[in-house]
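Undergrad: model the following, please.
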Amino acid sequence: HTPYDPPERYREAYVDPGYDGPVSAFYASSREAIEAEEYEPTAADVRQITDLYQAGVTQADAMIGTVLDELERQGVLQNTLVIVTSDHGEELGDHDLWEHNWMYQTNLRIPLVMALPGRLPAGVRVEPIVDTIDLLPTVSDLLGLEPPGDPTEAEERGLVDGRSLLPVIRGQAAAVREFSFAENGLYMSIQDTDWKLIVGRSLVGVEGLDLAAAARGEVLLPPNETEIPPRLFHLALDPDERKNVFASHPEQAARLFAELRAWDERMPIPSYELQRSHRDLEDAERLRTLGYTDGIGIDAEEAEPRTDDEGALEVEGSR
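TA: Numbering: from 1, shown residues only. Below is the predicted model:
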C-alpha cells in the first residue's frame, strides 16, 4: 500500500544506488499526478517505484517474522493459528495503471498462508478458487465454533457467505465455490477458473441490459454515471489479462454476467439500490485523503475540495 517509503535498511537491498530521478517515495498523490498527465514516469522511475514496493514487502515480511519470533519465545507458536494474507495487490504500471482500484488479477489475487501445527497439514497448496470471506468459517471450523449469522435473526443480515476451506485443505472436496466476485464503487467482476468478466457497476442494475450493446458503448446510463464497457478475459490462455475477448466469446460473457447479477440480487442491498448520501461522500473523502478509497466511484466534482498539495509528485524533501 502507498506510500512506498520503506526504511533505508530495506531500500538498500533493492533500490539502484545510481538512480538519480525524482522518485524518493511513491504516494497516492504520485499516482494522481500520473493519471492527470502532470508527470510521466520514465523506465528508470518505474523500476525505482517497483524497487520501493519490493522493499516494503520485505519490510512487512520482517515484521511478520518479529511476531512469529515473539510467539515462539513465549512458547505458544505451536498452539497458535497463524494467518498471513492481504486486502489487495498493486498495479505497478501494469495495464498503464497504478495502485489497487482495479479489477485485474494484480489487485485481486492475494497471498493466503495458514499454519496450525497438528491441525493443518504442512506444505499443502490449495489450487481451487477461495475468497477472503472464507476465512471466518474456516477459523470457526478449525476452532470448533459456530460462525455468526443466524438466518432466523434479522439483525444478523442472514447467513455468512464464506465457506470453510478445511474440506479442500484436507483433500475431502475439489472446491468450495465455482465463482469469485469482487466490487468497488466503479467496477464489479466475476471469475471462474478459466474466464473473468469486468463490468461497470452501473450496468448491473440496468433492466433488460443488452450486454453486447454495452460492450460496443451503445447503452445510455443515467446522468452522472460513468459508462465502462465490459471486458472479458480468458484467464486460462491470458493470465496477464492483455486481450479483451468479449467480441469473440459473448456467450461466456453472458454466462458470467447472469451469475454476477444473481449474486448481486442475493446481497442484503443490491448495488442498484445503493444511494450515496452527502455524509457518505464526506466519509469517503476523509478515507480518500488517507489513500484508501481513490477510484471507488466518487466523481471529482462531488467530493469536497481538498486543502493539501496532493496533486504533485512526491519527491525528496517535499513531505
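Undergrad: any weak-confidence spans in the protein?
TA: 149-158, 220-227, 272, 274-319 (pLDDT under 70).
Undergrad: residue 89 and residue 97: what is the separation?
TA: Noted for residue 89: a distance of 12 Å to residue 97, by C-beta to C-beta, to the nearest Å. From N, CA and C alone the C-beta is placed, and that goes for glycine too.
Undergrad: same question but for residue 59, I mixed them up
TA: 24 Å.
Undergrad: neighbour count winner among the two?
TA: residue 97 (19 against 15; other C-beta atoms under 10 Å).
Undergrad: ok, and the closest non-adjacent residue to the more buried one?
TA: Once flanking residues are discounted, residue 97 sits nearest to residue 91: 4.2 Å by C-beta to C-beta, 6 or more residues apart in numbering.
Undergrad: dihedrals phi and psi, the one you found?
TA: Phi and psi for residue 91, reported as degrees, to the nearest 10, are phi -90, psi 130.
Undergrad: my guess is it meets residue 98, correct?
TA: Yes. Look at residue 91 against residue 98 with C-beta atoms under 8 Å: they come within range, at 5.4 Å.
Undergrad: settle it for me: which of those two has more neighbours?
TA: Neighbours were counted for residue 91 and for residue 98 using other C-beta under 10 Å; residue 98 has more, 23 against 18.
Undergrad: the closest residue to the more buried one other than its chain neighbours in helix, strand or coil?
TA: Spatially, and ignoring its direct neighbours in sequence, residue 98 is nearest to residue 31 (4.3 Å; C-beta to C-beta, 6+ apart). Here residue 31 is helix, with the state taken from DSSP: H, G, I helix; E, B strand; the rest coil.
Undergrad: ok, residue 31 to residue 100 distance?
TA: Between residue 31 and residue 100 the distance is 10 Å, computed by C-beta to C-beta.
Undergrad: buried residues of the longest helix belonging to the chain, list them for me.
TA: Scanning the chain for the helix with the most residues, using DSSP state H, yields helix 43-73. Using 16 or more other C-beta atoms under 10 Å as the test for burial, helix 43-73 gives 45, 47, 48, 49, 50, 51, 52, 53, 54, 55, 56, 58.
Undergrad: and for stretch 6-14?
TA: 6, 10, 11, 14.
Undergrad: which residues touch the second one?
TA: Pointing back at residue 10 there. 55, 56, 58, 59, 62 (C-beta atoms under 8 Å, 6 or more residues apart in numbering).
Undergrad: now do 6 Å
TA: Taking C-beta atoms under 6 Å, 6 or more residues apart in numbering, we find residue 10 in contact with 55, 58, 59.
Undergrad: same question for the first one.
TA: Contacts of residue 6 were listed using C-beta under 6 Å, 6+ apart, and they are 55, 56, 59.
Undergrad: try it again with 10 Å
TA: 12-15, 25, 51-60 (C-beta atoms under 10 Å, 6 or more residues apart in numbering).
Undergrad: picking up where we left off before, anything in contact with each of residue 91 and residue 98?
TA: residue 31.
Undergrad: where do the helices sit along the stretch 51-200 of the chain?
TA: Secondary structure of the stretch 51-200 of the chain (DSSP state H, counting those that start in this stretch): helices at 105-108, 135-143, 166-169.
Undergrad: among those, which is nearest residue 41?
TA: helix 105-108 (17.0 Å; C-beta to C-beta).
Undergrad: neighbouring contacts of the closest one?
TA: Here helix 105-108 makes contact (C-beta under 10 Å, 6+ apart) with 87-92, 94-95, 97, 99-102, 131, 180, 182, 184, 189, 191, 196, 233, 235, 239-241.
Undergrad: tell me which of these fall in strands.
TA: 91, 92, 99, 180, 182, 189, 191, 196, 233 (DSSP state E).
Undergrad: how about the fifth one, nearest residue that isn't a chain neighbour?
TA: When the adjacent residues along the chain are set aside, residue 182 lies closest to residue 189, with 4.8 Å between them (C-beta to C-beta, 6+ apart).
Undergrad: surely residue 230 touches residue 201?
TA: No. At 11.6 Å, residue 230 does not count as touching residue 201 under the criterion of C-beta atoms under 10 Å.
Undergrad: how close does residue 263 sit to residue 174?
TA: Per C-beta to C-beta, residue 263 is found 21 Å from residue 174.
Undergrad: more neighbours, those two?
TA: Between residue 263 and residue 174, counting by other C-beta under 10 Å, residue 263 is the more crowded of the two (17 against 9).
Undergrad: just the element for that one, please.
TA: Following DSSP states H and E, the helix or strand that holds residue 263 is helix 250-266.
Undergrad: just the buried positions in that helix, please.
TA: Of the residues in helix 250-266, those buried (16+ other C-beta under 10 Å) are 250, 252, 253, 256, 257, 259, 260, 261, 263, 264.
Undergrad: contacts only, for the fifth one.
TA: Under the criterion of C-beta under 10 Å, 6+ apart, the neighbours of residue 257 are 188, 190, 197, 199, 203, 204, 209, 211, 214, 230, 232, 250.
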